[in-house]
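Trainee: give me a 3D structure for the following:
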Amino acid sequence: MSDIISSEERKELPDSAFGLPERREYPLIDAAHVRAAEAYFRYCPEELRPKLARAILDKAREFGVDVESPTILQYATE
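Mentor: Model prediction:
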């Protein structure tokens, strides 16, 4: 899969493919998207950051991505 997904491909993804499934935001479908979610983490609403941080770390382990952001690592423990 390429780094960019089309709106049609995005529509076909299950809710579980997203870091915030209830909002269908932050797709975590491959290593590139995990890195993108890490880069855009600061735009996540404050109250949803712990949930997104845990999702990013879970998928990072699955795809072999090293998450280096201390902010994400901190939120994941909340």
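
Trainee: how far does stretch 4-17 stretch from start to finish?
Mentor: Its start and end residues considered, stretch 4-17 measures 15 Å (CA to CA, to the nearest Å).

Trainee: need the residues that contact it.
Mentor: Applying CB atoms under 8 Å, 6 or more residues apart in numbering, the contact partners of stretch 4-17 are 21-22, 24, 27-29. Every residue, glycine included, has its C-beta placed from N, CA and C.

Trainee: what are the buried residues along that stretch?
Mentor: Neighbour counts over stretch 4-17 (16 or more other CB atoms under 10 Å) mark 5, 17 as buried.

Trainee: next: stretch 17-35.
Mentor: 17-21, 25-30, 33-35.

Trainee: what mean pLDDT does that stretch have?
Mentor: The predicted model gives stretch 17-35 an average pLDDT of 97.

Trainee: swap in stretch 53-66?
Mentor: 98.

Trainee: ok so, going back, what's the most distant pair in the buried residues of stretch 17-35?
Mentor: Largest separation among these by CB to CB: 21 and 35, giving 19.5 Å.

Trainee: residue 27 bridge partners, please.
Mentor: residue 18 (DSSP bridges).

Trainee: that one touches residue 20, doesn't it?
Mentor: No. Under the criterion of CB atoms under 8 Å, residue 27 makes no contact with residue 20, lying 9.9 Å away.
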